[in-house]
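Asker: Structure, please.
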Amino acid sequence: MSGSYDDSMIDVSSDSFWEIGNYKRTVKRVDDGNRLCNDLMNCLHERARIEKSYAQQLTEWGKRWRQLIEKGPQYGTLERAWSALCTEAEKVSELHMEVKAALMGEDYEKLKNWQRDAYHKQMIGGFKETKEADDGFRKAQKPWAKKLKEMEVMKKSYHSACKEEKLAASRETNSKLESNNNPETQKKLQEKVEKCQQEMQKTKERYEKSLEELDKLTPQYMENMEQVFEQWQQFEDKRIRFFRELLLEVKQHLDLSTNHRFQTVYHTLEDTISATDAEDDLKWFRSNHGPGMPMNWPQFEDWSIDLNRTLSRREKKKPSEGVTLTGINQTASDQPVQPAKTSSSLTVPTKTAPAGSNPFEDDEDDDEEEEMAVEQQTTVNHISVNKEEIKTLVNRRQCSAHLPSSFLSLFVFGLPVVPSCLISCLSLPLLLVILLPPSLKPSLLPLGGRLCCSAWSLNGITHKANVCHS
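Answerer: The predicted structure follows:
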């Protein structure tokens, strides 16, 4: 009996490796090795991303807290100890970035190259090594599987013959017990039993012979399967040993405790923190912000005529006060008369208290500031009154008379011989001079004289004084 080898026709009733088709687990291990390479590469890649993220977070944390410490109130050796934590973070961040670079640049690439050399993809899909393993086990198992199939057929025939012999014997026995037994029928049943017994014996002999042949082939089958299995055991051994070496290298890259730079970072940190001295910090604060600071105590100062002499602290505190007046713009007599524009501006100094100012001087300066405010308000009021007078003077300029320059000199010296029209023309400059506070008259008296002269020239007085009286 012959037949083609077909794995699907074999019912695997055991989980043993020697059963037909159970070598598939060994073949699958080849595919699993390639998948494990991918898994380990993903593992290293994720760890590298974690190392990079941790390094970036350490850098950002150290930079932010270094700025806060520098701008904060902490000082002295304790400030240096606190800042040492930021330095430690920066150094450790650099080390973790090196770990990330080692994982991706060395370990990851090494595993990737080994996988490319160990597993070769086929055009039709799958890997060459997987097909080789499957073909090797199939070839080693094929002769034994063929004999096993023949033996199964013989066993089935023998069992079928035994069943037929049992049925024939049962019919013969039942026929003998019947009362109306026909001798011919009884004879046929007996012949049937003998024939089944002969067939059973033949099938038994064939079955035993097939089993003997299978037993003879079993050692060779086991040897062939062992050879193929050992071949892929060696392949897996290479993968395991490579993974072991690679993981040891990864451990060396991850274990910063064996890195002398890592140890130096924490030795330096410990030394910096241990160098914190409370007495030195307190002494520094006393010398720079406490009673230990130098002081420029008040001393007697002689009066000096030098204009560039150093001002006292009180004079530095109070800037110069003053009132800025703009000029009066008027048109000539031959042009249309337009209302004169006057503007005034007061320069109010802005007080800034220096760091070394005496807070008790504020009470002494309150009265002076009130007097200054009253004087400035009076000046503003006088200027607003003079604006109305300017409008009146503009209407009178048309009838102003020509007066000799001696009248101006008499008016300046205060002689009461000046006509009323001249007084009206010059009332604004004089009122500005007369009504100003006493403290401002010395500085503005020349300005009043210039305003008077400007009034004479801008009015274009070409008529005589009697024209005004008429």
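Asker: show me where the stretch 201-350 of the chain has strands.
Answerer: 322-325, 344-347 (DSSP state E, counting those that start in this stretch).
Asker: Pick out the shakiest of the ones you listed, pLDDT-wise.
Answerer: Mean pLDDT is lowest for strand 344-347 among the strands of the stretch 201-350 of the chain, at a mean of 36.
Asker: Tell me which residues are up against stretch 104-119.
Answerer: For stretch 104-119, contacts defined as CB atoms under 8 Å, 6 or more residues apart in numbering pick out 33-34, 37-38, 40-41, 44-45, 48, 127-129, 235, 238-239, 242, 246, 249-250, 253. Where you see a C-beta, it was placed from the backbone N, CA and C, and this is true even at glycine.
Asker: what's the answer for stretch 33-42, then?
Answerer: Outside stretch 33-42, the residues touching it (CB under 8 Å, 6+ apart) are 108, 111-112, 114-115, 118-119, 127, 235-236, 239, 243, 246.
Asker: Selecting buried members of the contacts of stretch 104-119 in ChimeraX, what would you type?
Answerer: Here is the ChimeraX command that selects the buried residues among those (16 or more other CB atoms under 10 Å):
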select :33,34,37,40,41,44,48,127,129,235,239,242,246,250,253
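Asker: From the contacts of stretch 104-119, which land in helices?
Answerer: Using DSSP state H, 33-34, 37-38, 40-41, 44-45, 48, 128-129, 235, 238-239, 242, 246, 249-250, 253 are the members of the contacts of stretch 104-119 that sit in helices.
Asker: Could you work out the end-to-end span of stretch 94-114 for me?
Answerer: Terminal residues of stretch 94-114 are spaced 29 Å apart (CA to CA, to the nearest Å).
Asker: Pull out the buried positions in that stretch.
Answerer: Buried residues in stretch 94-114 (16+ other CB under 10 Å): 95-100, 102-104, 107-108, 111, 114.
Asker: As CSV, those with distance to residue 274 and secondary structure would be great.
Answerer: Conversion of the buried residues of stretch 94-114 to CSV gives the following (distance: CB to CB, whole Å; DSSP: H, G, I helix; E, B strand; the rest coil):
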residue, distance to residue 274, secondary structure
95, 23, helix
96, 26, helix
97, 28, helix
98, 28, helix
99, 28, helix
100, 32, helix
102, 33, helix
103, 35, helix
104, 38, helix
107, 38, helix
108, 41, helix
111, 44, helix
114, 48, helix
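Asker: if we can go back for a sec, could you dump the contacts of stretch 33-42 into CSV with distance to residue 306 and pLDDT added?
Answerer: Output for the contacts of stretch 33-42, formatted as CSV (distance: CB to CB, whole Å; pLDDT from 0 to 100):
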residue, distance to residue 306, pLDDT
108, 81, 95
111, 86, 95
112, 86, 94
114, 91, 95
115, 91, 94
118, 96, 92
119, 97, 92
127, 101, 90
235, 103, 93
236, 102, 94
239, 96, 94
243, 91, 95
246, 86, 95
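Asker: mind giving me a markdown table with these and columns for distance to residue 85?
Answerer: Supplementary listing: the contacts of stretch 33-42 in a markdown table, determined by distance: CB to CB, whole Å:
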| residue | distance to residue 85 |
| --- | --- |
| 108 | 32 |
| 111 | 37 |
| 112 | 39 |
| 114 | 42 |
| 115 | 43 |
| 118 | 47 |
| 119 | 48 |
| 127 | 52 |
| 235 | 52 |
| 236 | 49 |
| 239 | 45 |
| 243 | 39 |
| 246 | 35 |
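Asker: Tabulate the buried residues of stretch 94-114 in CSV, adding columns for distance to residue 304.
Answerer: Shown next, in CSV, are the buried residues of stretch 94-114 (distance: CB to CB, whole Å):
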residue, distance to residue 304
95, 67
96, 69
97, 67
98, 70
99, 73
100, 72
102, 76
103, 78
104, 78
107, 82
108, 82
111, 88
114, 92
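Asker: with the residues you listed in mind, which one is nearest to residue 20?
Answerer: residue 114 (34.3 Å; CB to CB).
Asker: mind listing what residue 99 touches?
Answerer: 48, 51, 253, 254, 256.
Asker: excluding its backbone neighbours, what's nearest the second one?
Answerer: Residue nearest to residue 51 in three dimensions, not counting chain neighbours: residue 100, with 4.1 Å by CB to CB, 6 or more residues apart in numbering.
Asker: I'd guessed that neighbour sits against residue 54; true?
Answerer: No - using CB atoms under 8 Å, residue 100 is not in contact with residue 54; the gap is 9.0 Å.
Asker: how many neighbours does residue 42 have?
Answerer: 11 (other CB atoms under 10 Å).
Asker: Mind pulling up the pLDDT for it?
Answerer: pLDDT, read off for residue 42, is 96.
Asker: okay, the contacts of residue 99 in JSON lines with distance to residue 172 next?
Answerer: Below are the contacts of residue 99 laid out as JSON lines (distance: CB to CB, whole Å):
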{"residue": "48", "distance to residue 172": "85"}
{"residue": "51", "distance to residue 172": "89"}
{"residue": "253", "distance to residue 172": "87"}
{"residue": "254", "distance to residue 172": "85"}
{"residue": "256", "distance to residue 172": "92"}
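Asker: Return the closest of these with respect to residue 153.
Answerer: residue 48 (60.8 Å).
Asker: who's in contact with the closest one?
Answerer: Contacts of residue 48 by CB under 8 Å, 6+ apart are 99, 100, 103, 104, 108.
Asker: Can you tell me how far it is from residue 130?
Answerer: Relative to residue 130, residue 48 is positioned 30 Å away (CB to CB, to the nearest Å).
Asker: Equivalent analysis for residue 101, please.
Answerer: 35 Å.
Asker: same thing with residue 223?
Answerer: According to CB to CB, residue 223 stands 23 Å off from residue 130.
Asker: quick one, which of the two is more surrounded?
Answerer: residue 130 (20 against 10).
Asker: wouldn't the more buried one be in contact with residue 26 here?
Answerer: No - using CB under 8 Å, residue 130 is not in contact with residue 26; the gap is 10.5 Å.
Asker: circling back: ok, now which ones touch the residue nearest to residue 51?
Answerer: Contacts of residue 100 (CB under 8 Å, 6+ apart): 48, 49, 51, 52, 55.
Asker: Could you check how far residue 22 is from residue 30?
Answerer: Taking CB to CB, one finds residue 22 at 16 Å from residue 30.
Asker: Name the residue in those two with the higher neighbour count.
Answerer: residue 30 (23 against 15).
Asker: ok, now which ones touch the more buried one?
Answerer: 127, 129, 130, 133, 232, 235, 236.
Asker: and which of these is nearest residue 285?
Answerer: For the contacts of residue 30, the nearest to residue 285 is residue 236 (70.9 Å; CB to CB).
Asker: Count the neighbours of the closest one for me.
Answerer: Residue 236 is flanked by 14 other residues according to other CB under 10 Å.
Asker: mind listing what it touches?
Answerer: 29, 30, 33 are the contacts of residue 236 under CB under 8 Å, 6+ apart.
Asker: Thanks again, I'm all set now.
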